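> here is a sequence with its predicted model. Questions after.
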Amino acid sequence: MTNAVIECILSRSAAKYYDPAAVLGDDQIRELVRIGTTAPTSFHMQNWRFIAVRTPEAKARLLPIAWNQPAITDAAVTFIICGVLADSRVIPERLAPLVQAGVMPAAMVPEWENPARGLYADNPQLQRDEAVRTGTFGAAAMIYAARSLGLGSTPMIGFDAEAVVSEFGLAENEVPVMLLSIGAERPGNWAQKPRRPVAEVLDLV
């Protein structure tokens, strides 16, 4: 069982070495984010934001609060992947384009909003869990999109979250889920690393 999408997934590995002279244009950055935002989100909340750190000045601000990892300066762009705390009040606005396009009947909107309110309203932990899930889904889509375009990517959890929030002006309801560097690779990166056998991680019930 193989096709171009599966080969893209199976051949991906986190990049360590980037060509620091290679750049991505703003339109290319926007396209990566557009692809990322097609990933699933709970109740179609689309509770994410992406900060593209691409200028030398912005990279210099991020570098010391991201453990001085070389990818910050060498990759063309590093995204700060932000998840937004789940809030059911945004659902009517987010579903409005579906209603306008005739995809969803207007009467169905409360059928999504009301359960979401009951799920998240008094559960801060679940609100945060959803922010992290959402940001991770978006980042994963961008990782594989980058691979399909011949670009490397490096997801990173090595950063000072409080400093990132302060330095880049994240809102109180935004969680810095991860950093994601993307750019042209240079030689020396590892191939896909061997993984645990499926028999160790799968239960068929």
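Cool, got the structure. A quick note: this is a predicted structure, and the numbers were derived from the prediction, not measured.
> show me the longest helix that occurs in the chain.
The longest helix of the chain (DSSP state H) is helix 124-148.
> contacting residues around the helix or strand just after that one?
The element immediately downstream of helix 124-148 (helix or strand, assigned by DSSP states H and E) is strand 152-156. If you take CB atoms under 8 Å, 6 or more residues apart in numbering as the criterion, strand 152-156 is touched by 12, 14-16, 18, 66, 69, 71, 75, 139, 142-143, 146-147, 178-185, 189. The way it works is simple: take the backbone N, C-alpha and C, and place the C-beta from them, glycine included.
> sitting in strands, which of those residues do you find?
Here DSSP state E is the test, and the contacts of strand 152-156 give Met178, Leu179, Leu180, Ser181, Ile182, Gly183 as lying in strands.
> dump these into TSV; add distance to Arg89 and pLDDT as well.
Supplementary listing: those in TSV, determined by distance: CB to CB, whole Å; pLDDT from 0 to 100:
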residue	distance to Arg89	pLDDT
Met178	26	98
Leu179	29	99
Leu180	28	99
Ser181	34	98
Ile182	33	98
Gly183	37	98
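> who's in contact with Leu95?
Going by CB under 8 Å, 6+ apart, Leu95 touches His44, Met104, Val109, Trp112.
> how about CSV for the residues you listed, with neighbour count and distance to Gly83 added?
Formatted as CSV, those follow (neighbours: other CB atoms under 10 Å; distance: CB to CB, whole Å):
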residue, neighbour count, distance to Gly83
His44, 16, 15
Met104, 17, 24
Val109, 17, 23
Trp112, 20, 19
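> take those and keep only those in strands.
Going by DSSP E, the strands hold none of the contacts of Leu95.
> what number of residues lie near Leu180?
By other CB atoms under 10 Å, the residues close to Leu180 number 27.
> go ahead and confirm it touches Ile81.
Yes: here Leu180 reaches Ile81: they are 5.7 Å apart, a contact under CB atoms under 8 Å.
> center of the chain - which residue?
Ala139 (2.3 Å; CA atoms, centre = their mean).
> isn't that one up against Phe79?
Yes: when contacts are counted by CB under 8 Å, Ala139 is listed as touching Phe79 (7.5 Å).
> which neighbours do these two have in common?
Between them, Ala139 and Phe79 share the contacting residues Leu180, judged by CB under 8 Å, 6+ apart.
> where in the chain is pLDDT low?
1 (pLDDT under 70).
> helices along this structure, start to end?
Secondary structure of the chain (DSSP H): helices at 4-11, 26-36, 56-62, 70-74, 91-100, 109-120, 124-148, 161-167, 198-201.
> many thanks, we can stop here.
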